[in-house]
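K.L.:
Below are the sequence and a predicted model for it; my questions follow.
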Amino acid sequence: DAKTTQPNSMESNEEEPVHLPCNHSTISGTDYIHWYRQLPSQGPEYVIHGLTSNVNNRMASLAIAEDRKSSTLILHRATLRDAAVYYCILRLITGTASKLTFGTGTRLQVTL
Amino acid sequence: DTAVSQTPKYLVTQMGNDKSIKCEQNLGHDTMYWYKQDSKKFLKIMFSYNNKELIINETVPNRFSPKSPDKAHLNLHINSLELGDSAVYFCASSQDWGASTDTQYFGPGTRLTVL
């Protein structure tokens, strides 16, 4: 799987939007961009995924650059419960077993 | 309702012992996984089973043996435990195995400590 690069940590104030960046300059045309997060002392949980177009769901939005070499996970109003490690992961479209290759992720701290 | 459950949550044991961790999913998924998260928080896949058949084995020592009695269960047996096996082990499941859009659902983890 292609490599992703994320900042080690970010901070946000509660109720403010958070933009978590991810660089994936070696992404191939068939790689999907996935985001998972891991809350303290819990297993990872799915957040969102996309291929080319921006995506929205109840948890977050995913903005994908036109050249697909970077993407941004957007939490519209951060809460204390959003404090977690956020992982940006690239996955091949088909033909390979569906493993997730986690990097080091971004640790998001949310303060009052 | 717990989607993916693991037992035990904590496991403390001596070097050289044999232990098992159990995983069950009630999502009706065909594929299950074991991941290991070490002390530096790196999370790495170990095994994957689809319909009770092994499809991923990420060069894990053969002291680790997954067993899938049915699609809803994937247990992890570890023989001759070593200090380096201390980690948090996560079980996960997904509907399919080859779809890059597939979502994986993780269990709460089992913290294994080898003394």
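P.N.:
Arrived safely, thanks for sending. Source: prediction; values computed, not measured.

K.L.:
where does the chain dip in pLDDT?
P.N.:
Went with chain A since none was named. Applying pLDDT under 70 to chain A flags the ranges A:1-2, A:92-98.

K.L.:
Can you look at chain B instead?
P.N.:
Scanning chain B for pLDDT under 70 picks out B:1, B:98.

K.L.:
Can stretch A:6-22 be said to contact chain B?
P.N.:
No. Stretch A:6-22 stays clear of chain B (CB under 8 Å from any CB of the partner chain), getting no nearer than 11.4 Å. (Glycine included, C-beta is placed from N, CA and C.)

K.L.:
what does chain B have sitting close to chain A?
P.N.:
Counting by CB under 8 Å from any CB, chain B comes close to chain A at B:4, B:31, B:33, B:35, B:41-45, B:48, B:55-56, B:58, B:90, B:92, B:94, B:96-109.

K.L.:
Can you flag which of those residues belong to strands?
P.N.:
Residues of the residues of chain B next to chain A located in strands (DSSP state E): B:4, B:31, B:33, B:35, B:43-45, B:48, B:55-56, B:90, B:92, B:94, B:105-106.

K.L.:
Which of the residues you listed ranks first by neighbour count?
P.N.:
Greatest neighbour count in those, by other CB atoms under 10 Å in any protein chain shown, goes to residue B:33: 30 neighbours.

K.L.:
show me what contacts residue B:85?
P.N.:
Contact partners of residue B:85, counting by CB atoms under 8 Å, 6 or more residues apart in numbering or on different chains, are B:78, B:112, B:114.

K.L.:
Recalculate using a threshold of 6 Å.
P.N.:
Contacts of residue B:85 were listed using CB atoms under 6 Å, 6 or more residues apart in numbering or on different chains, and they are residue B:114.

K.L.:
what's the answer for residue B:46, then?
P.N.:
By CB under 6 Å, 6+ apart, residue B:46 lies in contact with B:34, B:36, B:58, B:60.

K.L.:
8 Å instead?
P.N.:
Neighbouring residues of residue B:46 by CB under 8 Å, 6+ apart: B:33-36, B:57-58, B:60, B:64, B:66, B:76.

K.L.:
ok, now residue A:39?
P.N.:
Contacts of residue A:39 by CB under 8 Å, 6+ apart are A:45, A:81, A:83-84.

K.L.:
Tell me what residue B:77 is bridged to.
P.N.:
On the basis of DSSP bridges, residue B:77 is bridged to residue B:20, residue B:65.
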